[in-house]
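Q: no FASTA, just this:
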């Protein structure tokens, strides 16, 4: 039992439950299956990003260019599918390939030129986004083939609520769940997954022990790119339009969710379950704001407070642990 | 150290080359008084923001909240200026004016203080702390302005950014003063000395009696104050404030710092380098503007420039390392 | 003595290596028999690390070198080849992953070399358990390595090496952070491995440990092999002489008692979990040694006297007045200076210049009007101390990284002397410094003491404190067990007392 409290996730879960209770008390329509399935569908987009970001954080790096990658992937996918025709599967492939390619480019810059990942990805964010806006002229795309539209409405199982409207577990949520499962298996049961943790924990030791650092970096950032492409695909499905500027700007929401879930910027620490909880918490807080009729102006304030409280709390835990106190002699804050 | 000086010479050389390049590409427009003036008007706010970023990078940290801080300063000042019973901008009393400016700067100081406390006392990573503050302050800005733009300021304010003294924009004087102040601070005070030392090794400074926490907190406060002054100039030039302004500036301030020789990991960097880099960036920006390059392409170009500059830094560093190890090998034979 | 060739695991002849104009090794012959425990000693710059790198395949020797492993001549060996040949190195930093479990750390190397894509956790645990059994160690498999003590981490590193078919284990300064009991544990493990036919190559500068555990000792100096000897035929003086080429004067430090009141008086100082009932006095001109096994609370006590570690109870008097030291600045103001154990991380800002490192403690004193620095005064102060302490450096703007260990320590001393301390605490001041440089630092310390300073010298090496202090306090588990007057005590007495405290 005490072991449970060693984990950051436990605390997030507790807060999740508390917040849910508060919201349900004030507005019971929160705790309905319909609302929850809806939330899941709407947040799959962020959730897919979050899985990719988790990998990057565990490896000891950071990536904030994923929104730009998603935008580019989404746009190219929409453009090609509408111009040349194609089914939903093809759209998915295009988005995935574009995303993975752009992610690979990040990896090359970070590994070969040894540029800190924060700076690289700030730069590529602007490069990808800038070029996209210029080449697309800022135009929206919305004439998707009907197959695309119907795909988005697929549900794995359907229920009818008392109004006669149907709801259920959307295919989009299923896509997210599939990504989660793949990610979880990779991290837990493959050598590659463990090498990501190793690299985040002690990069020089990882090299010595025989891990191929280059391969790990390429994988991590390419996977991030892949999830970004997938997120773009999912966004297009949900909204049935593609606007070049709609995704960029949400980077920090995703990073906040992942950090909330226990991943550390320093690397070597993080779990998929924690990330899911982090995304869930962000989703629930937003949903709560809406259901409690609090104006959306407060959105950022809430997210900001949540980030700050979460990192403060993590910091406290780290300092109060037995090793934390002993290391205080000679250790001070200020260095990232 | 020798190679730092040669860095400056290279930058100066680049400046000359770029000026020539831009003059050639824009034969009739670039070297005109009008264009030079327009560049000189834009320089101060970017310069102050870059200095705000630079200070924190010297300590090995980063301040992602400078734009949000600037916006908030502007918003607070603007709300005071446009509130109350005044009939219009011309009707604002000197008292209100002073109150507005002091209140704005006071808010900036508070933000800097919170950043400093989080980073120094709680050991939160600067990326996360300033990211959280950025989100929070942005959100508060939206709440205060309800998403609207606030505009209409008195003549005194508009002079800051638009007025000229002896033909030179007033802002340039402010920038020069700010740069001089910072240079003196960094090179001629113990505070500046400690900033550089902490940027390299905060453990050793702690063991040598330096109060790391005080230095870090002051650094982030100073950073916010510079951002606050940038806000006053921005307020003046746009004659309005909004929580959405200046987002693209963040990347440029990082670019400016890196280009100016500020080390991303801390401990090295000079104001003179920053000013030179600033000039180069401003010239490139104006030149691109005159060439009617879209602003989105411009930010893509900024991204590319960061990558190129960091790549060059890396290659030069590798080259120096090799020659250092030769020197070290020889030295150890002599000195033992 | 020559062994029969087939007994030799490694036989290297004429090992030479040069780097861009520096001859790191010159015609060194070196061999290790199967299952032998062998020690490699030499000062910094003697070529020890280069030799290790060549044995482990990290570096390639020059062409005239002949390397035989199992009587087979081999060339162009890389580290992966060395691992296949059964040679594993455990570096001082251990190369472990603090965020992974014990089981993973042990078994990971084998997982990688077996080139399997997937992790079978049960198999992983089995591999780890088997390795731990061979070393007879009981550490919970699911514990994170970051939570273990250094000694336990070292055992984990050894377990990891055992998961491959290791035949030669190379340990680089393994005892640096271990208590006596942990060192004995480690030696037992090494002897155990010997029975199983695994040879061990020890690199160490702790000569008394070398003599305890090694069967043969190879001495390197300036890239050449001085000789290989049976440790039974060796003693401390001979080893030192061969390592440095010089005979060292070890006249004990003599102290003229002063009638002044004590500089420092500590009464009943205690801190939960670190030290308790600490009482002693320090007079001007004294060099007071504090020794004891690791974990005895010496550094924690020193840091308490330096304002870094506020005690729970007791009193401290500096020159008669009661002080409560809440910060380093306060301690400095009261006249205390502290040369920390870890020179590279705690003592110096490596990438900055010598000058900046010297002035860091006293920069406030060079402030003129308007809170601005007096550059000339800064320059003068730096130059004064660099000259006074004989720091050999081409320019004060040279980065401290380019200096030798001994000179680096002089920079640290300069920085503290600049604060004009009355009490100077030295924590392991000659660690990692050549024997020749060591004695010149001891000379310097003696001069400081005779000028009226009170010095506390904390050290692991009993010989250092016996030769350089007039009094020695032996600490154990946070308490002062006994005080020795060095005039009337021998090194063996103190050493055996220390050894028996556990």
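A: Nice, thanks for sending it over. Here the structure is a predicted model, which is why all the values come from computation and not from measurement. Numbers count the residues shown, from 1 in each chain, chains lettered A, B, ... in the order given.
Q: could you list the buried residues of stretch C:445-454?
A: In terms of neighbour count (16 or more other Cβ atoms under 10 Å in any protein chain shown), stretch C:445-454 has its buried residues at C:445-446, C:448-449, C:453-454. (C-beta placed from N, C-alpha, C; glycine too.)
Q: cross those residues against helices and list the overlap.
A: In helices, judged by DSSP state H, the following of the buried residues of stretch C:445-454 are found: C:445-446, C:448-449.
Q: using CSV, lay out these together with pLDDT.
A: Formatted as CSV, these follow (pLDDT from 0 to 100):
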residue, pLDDT
C:445, 92
C:446, 91
C:448, 92
C:449, 91
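Q: can you redo those residues as CSV with distance to residue A:139?
A: Formatted as CSV, those follow (distance: Cβ to Cβ, whole Å):
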residue, distance to residue A:139
C:445, 77
C:446, 83
C:448, 78
C:449, 82
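Q: which of those sits closest to residue C:152?
A: residue C:445 (35.2 Å; Cβ to Cβ).
Q: can I assume the closest one is in contact with residue C:465?
A: No. The criterion here is Cβ atoms under 8 Å, and residue C:445 misses it with residue C:465 at 11.5 Å.
Q: what is in contact with the two at once?
A: Any residue near both residue C:445 and residue C:465 by Cβ atoms under 8 Å, 6 or more residues apart in numbering or on different chains counts here, and that gives residue C:457.
Q: picking up where we left off before, out of the ones in helices among the buried residues of stretch C:445-454, which one sits closest to chain A?
A: The nearest member of these to chain A, counting by Cβ to the nearest Cβ, is residue C:445 at 23.3 Å.
Q: ok, that closest one - contacts?
A: Contacts of residue C:445 (Cβ under 8 Å, 6+ apart): C:287, C:426, C:429, C:455, C:457, C:468.
Q: which of those sits closest to residue A:52?
A: Checking the contacts of residue C:445 one by one against residue A:52 (Cβ to Cβ), the nearest turns out to be residue C:429, at 50.4 Å.
Q: state the phi and psi torsions of the closest residue to that closest one other than its chain neighbours.
A: Nearest non-adjacent residue to residue C:429, counting by Cβ to Cβ, 6 or more residues apart in numbering or on different chains: residue C:339, 5.5 Å away. Main-chain torsions, residue C:339, degrees, to the nearest 10: phi -100, psi 110.
Q: for the stretch 1-150 of chain B, just list every one of the strands.
A: B:150-151 (DSSP state E, counting those that start in this stretch).
Q: run through the helices of it in chain order.
A: B:2-25, B:33-58, B:66-82, B:94-120, B:126-145 (DSSP state H, counting those that start in this stretch).
Q: do you know which of the ones you listed lies nearest chain A?
A: The nearest among the helices of the stretch 1-150 of chain B, by Cβ to the nearest Cβ, is helix B:126-145 at 2.7 Å.
Q: let me know the average pLDDT across that closest one.
A: Rounded to a whole number, the mean pLDDT of helix B:126-145 is 90.
Q: how about it, does it reach chain A?
A: Yes. Applying Cβ under 8 Å from any Cβ of the partner chain, one finds that helix B:126-145 is in contact with chain A at B:126-129, B:131-140, B:142-143.
Q: surely residue A:187 is in a strand?
A: No. Going by DSSP: H, G, I helix; E, B strand; the rest coil, the assignment for residue A:187 is helix, not a strand.
Q: what residue, apart from its backbone neighbours, is nearest it spatially?
A: Using Cβ to Cβ, 6+ apart, the nearest residue to residue A:187 is residue A:193, at 4.0 Å.
Q: repeat that for residue C:228.
A: That would be residue C:218: by Cβ to Cβ, 6+ apart, it lies 4.6 Å from residue C:228.
Q: count the residues that sit near residue A:194.
A: Applying other Cβ atoms under 10 Å in any protein chain shown, we find 22 residues neighbouring residue A:194.
Q: and if you look at the one 3 residues further on?
A: Using other Cβ under 10 Å, residue A:197 is surrounded by 23 other residues.
Q: check which helix or strand covers it.
A: Here residue A:197, judged by DSSP states H and E, is contained in helix A:191-201.
Q: repeat for residue C:464
A: Using DSSP H and E, residue C:464 falls in helix C:462-468.
Q: name the residues that touch that helix?
A: If you take Cβ under 8 Å, 6+ apart as the criterion, helix C:462-468 is touched by C:236, C:250-253, C:287, C:289-291, C:430, C:438, C:442, C:445-446, C:457, C:459, C:472, C:486, C:489-491, C:494-495, C:498.
Q: tell me how far residue A:174 lies from residue A:44.
A: In this view, residue A:174 and residue A:44 are 9 Å apart by Cβ to Cβ, to the nearest Å.
Q: looking at these two, which is more packed in?
A: Each of residue A:174 and residue A:44 has its neighbours counted (other Cβ under 10 Å); residue A:44 has more, 26 against 16.
Q: and the nearest residue to the more buried one once chain neighbours are set aside, what does it touch?
A: Spatially, and ignoring its direct neighbours in sequence, residue A:44 is nearest to residue A:176 (3.9 Å; Cβ to Cβ, 6+ apart). The neighbourhood of residue A:176, defined by Cβ under 8 Å, 6+ apart, consists of A:40, A:44, A:47-48, A:234.
Q: next one: residue C:97
A: A:197-198, A:201-202, A:205-206, A:268, C:104-105, C:108, C:145 are the contacts of residue C:97 under Cβ under 8 Å, 6+ apart.
Q: these two touch, right, residue C:285 and residue C:454?
A: Yes. Counting by Cβ under 8 Å, residue C:285 does reach residue C:454; the two are 7.3 Å apart.
Q: looking at the helices of the stretch 1-150 of chain B, which is closest to chain C?
A: Using Cβ to the nearest Cβ, the nearest of these to chain C is helix B:2-25, at 8.6 Å.
Q: list the residues that contact the residue in the stretch 101-250 of chain C positioned nearest to chain B.
A: Nearest residue of the stretch 101-250 of chain C to chain B: residue C:222, at 9.7 Å (Cβ to the nearest Cβ). Listed by Cβ under 8 Å, 6+ apart, the contact set of residue C:222 reads C:45-47.
Q: and if you look at residue A:213?
A: Residue A:213 touches A:111, A:199, A:203, A:206-207, counting by Cβ under 8 Å, 6+ apart.
Q: ok, the residues you listed vs chain B, which is closest?
A: Looking across those and measuring by Cβ to the nearest Cβ, the closest to chain B is residue A:111, at 11.4 Å.
Q: pLDDT weak spots in the chain?
A: As the question left the chain open, I've gone with chain A. Applying pLDDT under 70 to chain A flags residues A:1-4, A:157-164, A:318-336.
Q: oops, wrong one, chain B.
A: B:1-11, B:28-31, B:33, B:84-91, B:324-336.
Q: name the single longest helix found in it.
A: helix B:295-335.
Q: so what secondary structure elements neighbour that one?
A: helix A:117-136, helix B:249-259, helix B:271-290, strand C:22-33 (3 or more Cβ pairs under 8 Å, 6 or more residues apart in numbering or on different chains; DSSP states H and E).
Q: rerun that using 10 Å as the cut-off
A: Judged by 3 or more Cβ pairs under 10 Å, 6 or more residues apart in numbering or on different chains; DSSP states H and E, helix B:295-335 is in contact with helix A:88-112, helix A:117-136, helix B:2-25, helix B:249-259, helix B:271-290, strand C:8-19, strand C:22-33.
Q: perfect, I'm done here.
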